[in-house]
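Novice: Task: produce atomic coordinates for the following.
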Amino acid sequence: MAAPVSLFGIRHHGPGSARRLVEALDALAPTVVLIEGPADATDLLPLLADPDMVPPVALLTYAEDNPADASFFPFAAWSPEYQAVRWAVRHGAVLRFIDLPASDRVTAAEDADDAETMDAVTRDPIGALADAAGYDDGESWWSDVIEQNPAPGPVFAAVSDAMTALRSDARPLPAREAAREAHMRLEIARAARDSDGPVAVVCGAWHVPALAARHPAGADRELLKGRGKTRIKATWAPWTAPRLARGSGYGAGVAAPGWCAHLWDSGDAGDRDTVWLARIGRLLRTRGHFVSTASVIEAQRLGTALAALRGRPGPGFEELRDATIACLCFGERAVWDDIATELLIGADVGAIPASTPLAPLLEDLQRQQRATRLKPEALERELAVDLRSDAGLGRSTLLHRLQALDVPWGRLTDAGRSRGTFRENWKLCWQPEFAVRLVENLVHGATIAEAAATRVMSAMRDEADLGRLAGLVRTAMLADLGAAAAFGIAALETRAALTNDCLMLLQALPPMADIVRYGEARAGAAAHLSALMPRIVVQAALALPYAARNLDADAAGALRAAIVAADGAIALAALPGEVADSWRQAMHRLLGHAQTTRLITGLAARLLYEADALPAAAATDLLGRMLSPGTPIADAAAFFDGFFAGSGSRLIHDGTLRGAVDTWLMTLEAEEFTASLPLFRRVFATLDSRERRRLFDAVLGKASGSAAGYRLLDGAMVLWPAHFDRIAGILGGTRP
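Specialist: The predicted structure follows:
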């Protein structure tokens, strides 16, 4: 005779469901507990009850031949399934998953069928019940009826009846949903035949009517015939509290994971609301806000009153939020927003036992985290690393290696160059999907170091651009991947010798300069490039005068950016004098050729002038010639842009240059000036209001003896040069 079967329809991640479920299991005392989940991951279920397993965690399944084809099944401490597993292990019950195995593949036909047959009730049955009960959303309805209802009552029977009524009017199930329920029915029937005691089935509330109904086993088996399969692997991975929130995109998520955790921890205690408000008061005080005990008491009263007005059995987090804003935040929503994420979402990151069978890279990551004492956290935090210490260098190396694997646990915000070459500043934030990315990288190696090196070398083989190749070499050196760095340097030498592309040569210099200048923080890093970089500089200097001729606007803009970056890199690397001289000579050759694109001519003149390699008199003479009335306006404007872009403040201090520009502006026809005005404004956009005023003062001083009239400004008569309207237009209409 088949054992009796009890179906418990729950809401995934519902603390009230979890509490009622534990009570029901205590009363039923089943010998078998079946849970909705991938049947081929059953062997991993008992690990959930391991004392070292700290939720939130997720079951991770992925295809062996395509790790990117992965699925997560999250569990929180307040998830009914998690509590069912703990109950089963604690009482020695048989424990199994019963849903379609993770190896089952969704067909294209099923995808199309799902899109066509899914109606509102199928997608959100809780929302349909809430609408019938007069609630605005399913979250509030379920919270009132299940999560915050202190009276157990026949909850599961009521949920089953409600779902039965809903499904009677719903469309036929999509093909995959029907296959899932067929598989679960067959697994339930098998367990009932084999069991000597009661069988408990824990599943989503929507499935209860279908699993309770009688279906011919033959029909269910026929439905499952011919389904695609693939080889899969499964393990446990840490999850995060923010990823349990519906706002993260998780379809089965909840509105406020922090509130759900509070409901679970507080149980049916009568002081639940008081504890929550006390926590809010403590958070506000840590932010520097004044919160009195009397205000907390008043907030509790207001929350209870709001719940009564809204017809709810007790205050939810929405009522307590509104009461907090009114009583503790003085009506300022911004004050509440300051603590809302920490309070309602949280920053918890789960942990898994050392005995968990992991993918090799995940296992190595855990070893590295322990060795470097870096704990994954869900909320962003800053980390300063001193590369002179073994601990700091170890942390930096791990984070750089993970970046090479496209696992950006840490984001480098500032290398700390203003305070020396031995400091890095990181922002850390762990995301659960990083586990999947590590699994994807198993094709490159079994350890983080091996996988990072192999992946970087593979990218180097395929990289034709010299600048990006140099960036990969820098990545390898920062991640302490010696073999990959050596491989990349050899590739750089070979490709640099074979290319005559000036732009590509210039783009290779900045990452090389970073290593040469800051490589002393990592032993031996700078030495690898100390001979190669000068050769590339000389090669680029020889090619530059030819590469800068007769360029269109886009090509000229790209070359300007590369020259500016390369000039800074050459200065940063402190190369030998003859190498720097070859670069300056290339700049001078740009000035002397008529076919050099005027934007580049202006840039070269500015760089030489700033490096004291072009005398002031020569710069003024060049400026006068390039901006002379006989020069086409487009050429003159391009030279002006190249010379002054990003350094317009030079005109404040250099009267000779200012005079040349002043004279040129006065020669422009009105239409020419208007057409060039956007360019002029872009050149001076970097000036702040104080610098603009100083430039005005300088122009006024220079023009005081020229033809001028008077205008009334702010009630006072001031000298207004004849050309001052143009200066005001260029500087955005600022007045002296």
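
Novice: Every contact and neighbour count from this point should use C-alpha atoms.
Specialist: Noted.

Novice: Give me the longest strand you can find in the chain.
Specialist: Identified as the longest strand of the chain according to DSSP state E is strand 66-75.

Novice: What lies in contact with that strand?
Specialist: Here strand 66-75 makes contact (C-alpha atoms under 8 Å, 6 or more residues apart in numbering) with 13, 55-63, 81-82, 239, 244, 436-437, 439-440.

Novice: for whichever helix or strand comes after that strand, packing partners?
Specialist: Going down the chain from strand 66-75, the next helix or strand is helix 80-91, by DSSP states H and E. Where contact means 3 or more C-alpha pairs under 8 Å, 6 or more residues apart in numbering; DSSP states H and E, helix 80-91 is packed against helix 15-28, strand 32-38, strand 94-99.

Novice: let's go with 7 Å and repeat that
Specialist: Counting contacts by 3 or more C-alpha pairs under 7 Å, 6 or more residues apart in numbering; DSSP states H and E, helix 80-91 packs against helix 15-28.

Novice: In the stretch 101-250 of the chain, what residue spans correspond to helices?
Specialist: Counting by DSSP state H, counting those that start in this stretch, the segments of the stretch 101-250 of the chain that form helices are 108-117, 120-123, 125-132, 138-142, 155-168, 175-194, 208-212, 217-224.

Novice: can you redo those as JSON lines with distance to residue 628?
Specialist: Putting the helices of the stretch 101-250 of the chain into JSON lines (distance: least, C-alpha to C-alpha, whole Å) gives the following:
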{"stretch": "helix 108-117", "distance to residue 628": "69"}
{"stretch": "helix 120-123", "distance to residue 628": "72"}
{"stretch": "helix 125-132", "distance to residue 628": "74"}
{"stretch": "helix 138-142", "distance to residue 628": "73"}
{"stretch": "helix 155-168", "distance to residue 628": "83"}
{"stretch": "helix 175-194", "distance to residue 628": "77"}
{"stretch": "helix 208-212", "distance to residue 628": "87"}
{"stretch": "helix 217-224", "distance to residue 628": "84"}
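
Novice: who wins for proximity to residue 338 among the ones you listed?
Specialist: Closest to residue 338 of the helices of the stretch 101-250 of the chain is helix 138-142 (C-alpha to C-alpha; 23.8 Å).

Novice: What residues of that closest one count as buried?
Specialist: 138, 140, 141, 142 (16 or more other C-alpha atoms under 10 Å).

Novice: tell me which of these is nearest to residue 499?
Specialist: For the buried residues of helix 138-142, the nearest to residue 499 is residue 138 (64.1 Å; C-alpha to C-alpha).

Novice: on that earlier part again, ok, the longest strand of the chain: who's next to it in the sheet?
Specialist: strand 57-63 (antiparallel) (DSSP bridges).

Novice: just the CA coordinates of the partner strand, formatted as PDB?
Specialist: In PDB, the C-alpha atoms belonging to strand 57-63 read as follows (Å, rounded to 0.1, in the frame of the first residue of the first chain):
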ATOM      1  CA  VAL A  57      23.800  30.200  -0.600                       C
ATOM      2  CA  ALA A  58      22.700  28.900  -4.000                       C
ATOM      3  CA  LEU A  59      22.800  25.600  -5.800                       C
ATOM      4  CA  LEU A  60      24.800  26.100  -8.900                       C
ATOM      5  CA  THR A  61      24.300  23.800 -11.900                       C
ATOM      6  CA  TYR A  62      26.100  24.200 -15.200                       C
ATOM      7  CA  ALA A  63      26.700  22.200 -18.400                       C
END
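
Novice: right, and the helix or strand after whatever helix or strand residue 604 lives in?
Specialist: If you go by DSSP H and E, residue 604 is part of helix 598-610. Later in the chain than helix 598-610, the nearest helix or strand by DSSP H and E is helix 616-626.

Novice: Quick check: closest non-adjacent residue to residue 257.
Specialist: Distances taken as C-alpha to C-alpha, 6 or more residues apart in numbering place residue 345 nearest to residue 257, at 5.2 Å, with adjacent residues excluded.

Novice: Measure how buried that neighbour is and give me the count.
Specialist: 25 (other C-alpha atoms under 10 Å).

Novice: from now on call the first residue 5
Specialist: That works, and once the first residue is 5, the last one we named lands at residue 349.

Novice: Test my guess that it contacts residue 264.
Specialist: No. The criterion here is C-alpha atoms under 7 Å, and residue 349 misses it with residue 264 at 9.5 Å.

Novice: Phi and psi next, for residue 355.
Specialist: Phi and psi for residue 355, reported as degrees, to the nearest 10, are phi -140, psi 150.

Novice: So what sits opposite it in the bridge?
Specialist: residue 58.

Novice: From residue 35, how far off is it?
Specialist: Applying C-alpha to C-alpha, to the nearest Å, the value for residue 355 to residue 35 is 29 Å.

Novice: picking that back up, now for the residue nearest to residue 261: which residues touch it?
Specialist: With contacts defined as C-alpha atoms under 7 Å, 6 or more residues apart in numbering, residue 349 is in contact with 245, 246, 249, 260, 261, 262.

Novice: wait, doesn't the fifth one sit right on residue 249?
Specialist: Yes. Between residue 261 and residue 249 there is a contact at 6.0 Å, judged by C-alpha under 7 Å.

Novice: Name the residue in these two with the higher neighbour count.
Specialist: Remark: of residue 261 and residue 249, residue 261 carries more neighbours, 25 against 21, as counted by other C-alpha under 10 Å.

Novice: Report the contact partners of that one.
Specialist: By C-alpha under 7 Å, 6+ apart, the contact set of residue 261 is 245, 248, 249, 348, 349.

Novice: Next, the fourth one: phi, psi?
Specialist: Spelled out, it's residue 348. phi -90, psi -30.

Novice: Among the helices of the stretch 105-254 of the chain, single out whichever gets nearest to residue 23.
Specialist: Nearest of these (C-alpha to C-alpha): helix 159-172, 11.3 Å.
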